[in-house]
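*Asks:* how would this look folded up:
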Amino acid sequence: MDIKKLSQYLEDNKLPKFRLKQILKAVYQDSVSSFLEISTLAKDLREKIDKEFNILSFKPNEIQSDKKDGSQKVLLELKDGHAIETVLMPGSIDKHWTACISSQVGCPMGCSFCATGKIGFKRNLNYEEIIDQVLFWKQYLKKNKAEDTLSNIVFMGMGEPFMNWDEVSLAIKKLLDESLFNFSARHISVSTSGVADKIKKFAREFPQLNLAVSLVFPNDEERSKNMPVNKKYDLRELAQAINYYLQTTNRKIFFEYILFDGLNDREEDVTQIARFIANIEKKHLIHINLIRYNSTDTSFRPSSRERAEDFHKNLAKLKIASTIRKSVGGDINAACGQLAAKK
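*Replies:* Numbers count the residues shown, from 1 in each chain. This is a model prediction of the structure:
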């Protein structure tokens, strides 16, 4: 919903300012799907606004559901014909959900193992298209699971959030705004492939949000080969940015480490991870999320469960905290790295 245009419309029609507050509350907190549902407005005003404005900036397609874990994915058709995907995932607490949202159409980073990267970069999303994904899932839960709550937001969908920072940062401010979504900063996470200069900016602007960094390969050769971001921000520069982040925020940082069979799941890779972490000062604030590769149309294969367990144990021997993360949404191509916005 375009708040500026709505505000101007109300002003042009000489309506009191509190009307805007009523509408914002109804849309962003009460999760109405239509202006016609806002009972605090007169019927004729509701009908006029409903004709002039749309609450969502895209057209949702049919929702796909993963029967194994309950996660859900929807394809959203944007006004210019492009499409994105967003995912609703079950949270760690019953009846609490997490929305995984996209920040770009496609992705410019070109990681060799990611389905979104195969699309290439089409365009950035504006802040309205970003927050409307959250709004869509709030509306969905209200209609279908009235007792459930959307508790967490993760910028881990399509795109590199730090390459669309102006719009993403504005979207985050809207999500935190008490008069709009009123999310807690501790319940919002942003993931990056390793854009070092923006990690520093993120630390200054949003010190209470969670940060996840896709490490994936613990040496520059393999990382540059499969993650082009490393050619600009190598592991040394990434470590420097992380040191700045930890000094500024004193918050835990999460490394996402995707496990590929025979490529980065060996004992020597554990040693290289330890070597990388040796360059980071506040090591007690580091946690590694181990994720067995979610297959896409590539030659990569996921590590076995046994190899993942061994990798986890070997990290523990070096006193490096890690967790083997359970991926969700695999049956509907909604897991990490699988979003491709196919109609």
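*Asks:* low-confidence regions, the protein specifically.
*Replies:* Flagging of the chain using pLDDT under 70 yields the residue ranges 329-343.
*Asks:* so it: which segments form each domain?
*Replies:* 3-52, 58-332 (automatic domain parsing).
*Asks:* residue ranges for the strands of the stretch 151-300 of the chain, please.
*Replies:* Counting by DSSP state E, counting those that start in this stretch, the stretch 151-300 of the chain has these strands, from start to end: 188-192, 210-214, 253-259, 286-292.
*Asks:* show me the one of these that comes nearest residue 47.
*Replies:* If you check each of the strands of the stretch 151-300 of the chain against residue 47 by C-beta to C-beta, strand 188-192 wins as the nearest, at 35.6 Å. All C-beta spots, glycine's among them, are computed from the backbone N, C-alpha and C.
*Asks:* quick one, that closest one and strand 210-214 angle?
*Replies:* 20 degrees (axes from the mean of the first three to the mean of the last three C-alpha atoms, to 10 degrees).
*Asks:* rewinding a little: possible to save the strands of the stretch 151-300 of the chain as a markdown table with mean neighbour count and distance to residue 32?
*Replies:* Formatted as a markdown table, these follow (neighbours: other C-beta atoms under 10 Å; distance: least, C-beta to C-beta, whole Å):
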| stretch | mean neighbour count | distance to residue 32 |
| --- | --- | --- |
| strand 188-192 | 22 | 23 |
| strand 210-214 | 22 | 29 |
| strand 253-259 | 22 | 35 |
| strand 286-292 | 20 | 36 |
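*Asks:* now the ones you listed as JSON lines including distance to residue 10?
*Replies:* Output for the strands of the stretch 151-300 of the chain, formatted as JSON lines (distance: least, C-beta to C-beta, whole Å):
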{"stretch": "strand 188-192", "distance to residue 10": "29"}
{"stretch": "strand 210-214", "distance to residue 10": "36"}
{"stretch": "strand 253-259", "distance to residue 10": "43"}
{"stretch": "strand 286-292", "distance to residue 10": "45"}
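*Asks:* of all those strands, which one comes closest to residue 115?
*Replies:* Comparing the strands of the stretch 151-300 of the chain by C-beta to C-beta, strand 253-259 comes nearest, at 12.8 Å.
*Asks:* what packs against that closest one?
*Replies:* Using 3 or more C-beta pairs under 8 Å, 6 or more residues apart in numbering; DSSP states H and E as the contact test, the elements touching strand 253-259 are strand 210-214, helix 235-249, strand 286-292, helix 305-317.
*Asks:* how far is the second one from where the chain is centred?
*Replies:* So the one you mean is helix 235-249. Remark: helix 235-249 is offset 21 Å from the chain centroid, using C-alpha atoms, centre = their mean, to the nearest Å.
*Asks:* what's the angle between it and strand 286-292?
*Replies:* Going by the same axes, to 10 degrees, helix 235-249 makes 130 degrees with strand 286-292.
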